[in-house]
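> need a structure here:
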Amino acid sequence: MRKMRRMNRLFGGFALALFVAVAAAACGGGNNESAGTSTTSTTSTGTTAVAVDSKVAAEVPSKIKSKGTLTVAADATYAPNEFIGSDGKTVVGMDADLAKALAAVMGLKANVLNASFDTIIPGLASGKYDLGMSSFTDTKEREKTVDFVTYFSAGTSFYVKIDGPTINSLADLCGHSVGVERGTTQASDAQAQDTKCKTAGKSGVKVNVFPDQSAANLAVSSGRAEVGMADSPVAAYIVEKSNGQFKLTGKPYNTAPYGIAIPKGNGMTKPVLDGVKALIANGTYKAILTKWGIASGAIDNPQINGATS
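Below you'll find the model as predicted:
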């Protein structure tokens, strides 16, 4: 699955203003055996102060520990998960906050970089990035190239203009035009449904693929596409901030885990897994999801390569 910037974008005559809650979320600081032993030093992530976990920090490979910084890639067009902040350059959102908290648990800092979604996995494979945190659905196909640690649960939702068509399932896309982001599971699903529609003797799906989610939203608002598709928390946020111009239609489908993408063989899979567990145990994880209004997607059992399909 996958992927609005915190700037006003004109969407077919109306401004889609992305309001971001900036109130700090409280975080529990208790120790937990599964999280290891926390040191007394803390690091601010912009959301909470997160203690270094000595157990997790000891698992970080020396090559990465010596850098002192995790380079994390995110396609910052997918509010509230990852988008550009009010300064016009900083990546903010759920994934950015989690990246900073995860790095802090490891005794590191996180440098979250904006990157096109379809370049992140190749960048991980080439060693350009240490982690990818960009609303990636953990899939069997992606696991061939990178490893994942699961940390969230989301499905795909459909959204349309307020007077748009009713879409209850992928099968209802036959004869309609769709706006999707390049490289996402939504793009793959829409293209596969086009084939299914035509095979059944029905009108196909006109699939409009865009470089980012903002462009897909613009296509729907301007009438170039009738239906938009995005991960369920993102689609809900798009609708919430559309000033009544968009609505959700149908129910989310194919609920699946998001995964933190990790280059194979770089030694970070176990510290990332244990780092996520530590953030769940000390309350930071839930505080970050609550801050962004997406706590319904919380999980309590992160896994390595937990793809369901």
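
> the residue positioned nearest the centre of the chain and Gly283: what is the separation?
Residue closest to the mean C-alpha point of the chain, counted by Cα atoms, centre = their mean, is Ser135 at 2.1 Å. Distance from Ser135 to Gly283, counting by Cβ to Cβ, to the nearest Å: 23 Å. C-beta here means a position set from N, CA and C on the backbone, and glycine is covered the same way.

> about what we covered before: the residue nearest to the centre of the chain against Ala154, yeah?
Yes - applying Cβ atoms under 8 Å, one finds Ser135 in contact with Ala154, separated by 7.4 Å.

> wait, what's in contact with the closest residue to Asn114 other than its chain neighbours?
Leaving aside its sequence neighbours, Asn114 sits nearest to Ala76 (Cβ to Cβ, 6 or more residues apart in numbering; 4.4 Å). Remark: with contacts taken as Cβ atoms under 8 Å, 6 or more residues apart in numbering, Ala76 is in contact with Arg5, Glu82, Phe83, Ile84, Val91, Val92, Gly93, Asn114.

> which one of those residues is nearest Glu141?
Glu141 lies nearest to Glu82 out of those, by Cβ to Cβ, at 21.9 Å.

> for that closest one, give the beta-bridge partners.
Glu82 has the following beta-bridge partners by DSSP bridges: Tyr78.

> on that earlier part again, for the residue nearest to Asn114, give me phi and psi.
Recorded main-chain torsions at Ala76 are phi -80, psi 60, according to degrees, to the nearest 10.

> for Tyr151, same thing?
Given degrees, to the nearest 10, the pair of backbone angles that Tyr151 has is phi -150, psi 0.

> so who does it touch?
Tyr151 makes contact with Leu98, Pro257, Tyr258, Gly259, Ile260, Val276, Tyr285, Ile299, Pro302, according to Cβ under 8 Å, 6+ apart.

> need the nearest residue in space to the last one, chain neighbours excluded.
Spelled out, it's Pro302. Here the nearest residue to Pro302 in space, its sequence neighbours aside, is Val276; by Cβ to Cβ, 6+ apart that works out to 4.5 Å.

> residues near the one you found, how many?
24 (other Cβ atoms under 10 Å).
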